[in-house]
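> The following comprises the amino acid sequence and a computationally predicted model.
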Amino acid sequence: MTIHFFGVRHHGTGCARSLQQALHALQPDIILIEGPPEADDLLHLAGLDSMQPPVALLTYAQSQPKHAVYFPFAVFSPEWQAIVYGQLTRTPTRFIDLPQSHQLAESIAAEQAELDKQQAEAAQPLTEDPAETTPQDLPEPDADEDRELHSGDALLWLATAAGFSDIETWWDHLVEQRRDSLDLFASIEEMMTVARAELGSTLSAREAKREAHMRQMIRTASKEGYSRIAVVCGAWHVPALRDMPTAKHDSDLLKNLSKTKVAVTWTPWSYGRLAANSGYGAGIQAPGWYHHLWQHPDQAALYWLTDVAGLLRKHDLDASSAHLIEILRLADTLASLRERSRAGLTELLEATQSILFGDSDAPLRLIERELLINDRLGSVPPETPTLPLPADVKQLQKSYRLKVDLEAQSLELDLRQPSHLDKSIFLHRLDLLGIAWGQVQKVYGKSGSFHEVWRLKWQPEFELQLIEANIWGGNVADASSQKLCHDAAAATRLVELTQLIERMLLADATAAIAPVMTRMQAIAAGTHDAASLMLAIAPLAKVMRYGNVRKTNLDTVASVLEGLILRACIALPLAAVGINQDAATSLLESVKEMDNAIQLLQQPAYSEAWRSALDKCASSAQTQPLIAGRAVRLLTEQNIWTVEQTAQALSLACSNPINPNATADWIEGFLQGSGMLLILNDVLLKIFNGWVASLHATVFLELLPLLRRTFATFTPPERQQLGQRASAGQTPSKISDTSQHLIDSPRALRVLPILRQIFAPAAHPSA
């Protein structure tokens, strides 16, 4: 019996190619791979043509799907090539890492312990002044305590010793560019043996258990009679697997491990999630470049530069064939100077920068973003086991012809077309489930509420989120309704519920209407805050509008909306009395939202109740001035109050010499947003000018910031007209009279013949 260890770097093209050659030469009886043993039954799917990497094995706890682990594979991953070899040659293939049933159980237990600790700390009374605790009071760490040893520490130590600034460049130069199969893995094992011995630190408990389990799996394969055993694992683990301790030693390490039920499936993955900058611990710098290295090992630089030229030309940047030839020559020269066998990514980027861009690094950032990652999404076979909800989503995606792509794409929908409406409902239902595949974009110049523009961009982690959402139902319609009911039951504020109702109608979750509206009535019955009531009404008004487009029965929503409007109209006059400036500012925004909602609904009963509430606010001397001014403004704009009533209210507000700040607040509420009332009405402008002129210089300077804040909400033309009238001291009629004398009559008369030709009736064709 012989055991062959192949220490690899995850997602290393050189290791993958050398491993491929070594396996064909060795022809092992069994292949043991570092990975989750729970996935052994899914390995046969890797041999199907419909399995296109990058893909990942998703392992998750059935009781808590948020506790999950991905095991990604690219076509250039050594482990993937080992799996594919095993399927093509029908060689038994197994994963040998510590089962995720144990690892995820530890993760769940650790999370629960942390929650218990936080709850205990929150419940514990404070017995001392925290300010008296200084860093000197805390225990100092033991200086002799061994530091945990990680593979990254060893690799960085080796790279630094070899004169390289980073692991990526060092490993690529030392390992990935070699193709000597078995000799390569012997060198890697020797290097890692020295590294583990020289650093002399301790393994974490988790790593020790993992290596113990891998050794146990190797012993099991040996006992089963396999004579040529191939072990494919991370290079870091090879020395620990080669020099085996006793079986009892490993058994003791693996005793009494906690366990939880797990499920495993294949899921599409992307090169973006393989990149180091994505946060993936075993990530690589440039998956797009590694893909070229795998597909075209001898001409990777040439193919990659061809993609560079295409990208630059797409963005209207110069990139000729002559440029590419010079870049390739310079890259090869740099590689020779650095005593490297061929030009790598570093040389190619430096040569591209020098030949094409000079001092500018912006185009290089474009290349790094588009080509170094070269993001692509893999696919898995239809036979892949999955839960009902993810399966339903995939079926609907296929039925609606919605392309699953990592690249952002735009989707325009006309909700008057049934097929487009179905797509909109589907995307809104996914959003309710927390899968933000599509985002509605704000556009202008389109067909109002009948038109939606979506931005679609798929993310691999949506697969796990769909698994988590499966607890709500086996299909998208049922799951979104159940999730909505759950969120409504957990809501404690009216605003939260009204936002849910808007989303409910957009997703056509009619099954949830009754329980959600019942919850809203229960919360509304105990709510006396006018601002909350008014803010809750605004989204419901939008719901009524969308309901007309989506042909949804909104009788239940309308009845709840009617009750909220009546309650808000009764509460507003009382809520506007005896409040400070901050509360009034907040209430003012609620009043604006409420008024917009009433105008949108166009219901006489609602409008009458709202007018009555505004009239009470405007007529009461106890109403906070900011709210009173806005009430007068709204009554005037809607032609409920005459100009004389408005002028009287403005005059009364401006005749308060004791508290000029109250007058400034009233004017801010009255004028905020538009100055047209002053521009079009001489009486109001005269009253306002008189009040400003009567202010003492000190008081005027005190109120000036408030007035500026009010006038800042006017449009530039409005401010210009008011400024001209204030400086000239003229009314609109005087300005009109004066402007007549400024007309150049001879020049104006020259235009009349042309105007006669333009507006003259067209001659009849028979004339």
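In hand now; what should we look at? Numbering: from 1, shown residues only.
> what about the strands in this protein?
In the chain, strands defined by DSSP state E lie at 2-8, 30-33, 55-61, 68-73, 93-95, 228-234, 262-268, 409-414, 438-441, 451-456, listed in chain order.
> elements contacting the second one?
The criterion is 3 or more C-beta pairs under 8 Å, 6 or more residues apart in numbering; DSSP states H and E, and the helices and strands that strand 30-33 contacts are helix 78-88, strand 93-95, helix 205-223, strand 228-234. Where you see a C-beta, it was placed from the backbone N, CA and C, and this is true even at glycine.
> Spell out which residues make up each domain of this structure.
Split into domains by automatic domain parsing, the chain comes to 1-113+148-281, 289-372, 388-472.
> would you list these in JSON lines and tack on mean pLDDT and distance to His528?
Formatted as JSON lines, the domains of the chain follow (pLDDT from 0 to 100; distance: least, C-beta to C-beta, whole Å):
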{"stretch": "domain 1-113+148-281", "mean pLDDT": "86", "distance to His528": "39"}
{"stretch": "domain 289-372", "mean pLDDT": "85", "distance to His528": "54"}
{"stretch": "domain 388-472", "mean pLDDT": "86", "distance to His528": "30"}
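> Nearest to Pro746, out of those domains?
domain 388-472 (42.9 Å; C-beta to C-beta).
> Tell me how far the helix of greatest length in the chain lies from the chain's centre.
Assignment by DSSP state H gives helix 100-123 as the longest helix of the chain. Its chain's C-alpha centre and that of helix 100-123 lie 27 Å apart, by C-alpha atoms, centre = their mean, to the nearest Å.
> Alpha carbons only: can I get that helix in PDB?
C-alpha atoms of helix 100-123 as PDB (Å, rounded to 0.1, in the frame of the first residue of the first chain):
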ATOM      1  CA  GLN A 100     -19.700  20.100   8.700                       C
ATOM      2  CA  SER A 101     -22.300  18.600  11.000                       C
ATOM      3  CA  HIS A 102     -19.700  19.000  13.800                       C
ATOM      4  CA  GLN A 103     -18.200  22.300  12.600                       C
ATOM      5  CA  LEU A 104     -21.600  24.100  12.100                       C
ATOM      6  CA  ALA A 105     -22.800  22.700  15.500                       C
ATOM      7  CA  GLU A 106     -19.800  24.400  17.100                       C
ATOM      8  CA  SER A 107     -20.600  27.600  15.300                       C
ATOM      9  CA  ILE A 108     -24.300  27.500  16.500                       C
ATOM     10  CA  ALA A 109     -23.200  26.800  20.000                       C
ATOM     11  CA  ALA A 110     -20.600  29.700  20.000                       C
ATOM     12  CA  GLU A 111     -23.300  32.100  18.700                       C
ATOM     13  CA  GLN A 112     -25.700  31.000  21.400                       C
ATOM     14  CA  ALA A 113     -23.000  31.400  24.100                       C
ATOM     15  CA  GLU A 114     -22.300  34.900  22.900                       C
ATOM     16  CA  LEU A 115     -26.000  35.800  23.000                       C
ATOM     17  CA  ASP A 116     -26.300  34.400  26.500                       C
ATOM     18  CA  LYS A 117     -23.300  36.400  27.600                       C
ATOM     19  CA  GLN A 118     -24.700  39.600  26.200                       C
ATOM     20  CA  GLN A 119     -28.000  39.000  27.900                       C
ATOM     21  CA  ALA A 120     -26.300  38.300  31.200                       C
ATOM     22  CA  GLU A 121     -24.200  41.500  31.000                       C
ATOM     23  CA  ALA A 122     -27.300  43.500  30.100                       C
ATOM     24  CA  ALA A 123     -29.200  42.100  33.200                       C
END
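> Using neighbour counts, pick out the buried residues of it.
Across helix 100-123, burial judged by 16 or more other C-beta atoms under 10 Å covers Gln100, Ser101, His102, Gln103, Leu104, Ala105, Glu106, Ser107, Ile108.
> residues contacting the residue positioned nearest the centre of the chain?
By C-alpha atoms, centre = their mean, the chain has its centre lying nearest to Ala436, at 7.7 Å. With contact set as C-beta atoms under 8 Å, 6 or more residues apart in numbering, Ala436 has these partners: Leu430.
> Quick check: it vs Trp641, distance?
Separation of Ala436 from Trp641 (C-beta to C-beta, to the nearest Å): 47 Å.
> Turn the strands of the chain into CSV, including mean neighbour count.
Output for the strands of the chain, formatted as CSV (neighbours: other C-beta atoms under 10 Å):
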stretch, mean neighbour count
strand 2-8, 21
strand 30-33, 25
strand 55-61, 24
strand 68-73, 22
strand 93-95, 22
strand 228-234, 23
strand 262-268, 22
strand 409-414, 14
strand 438-441, 16
strand 451-456, 17
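> Fine by me, thanks again.
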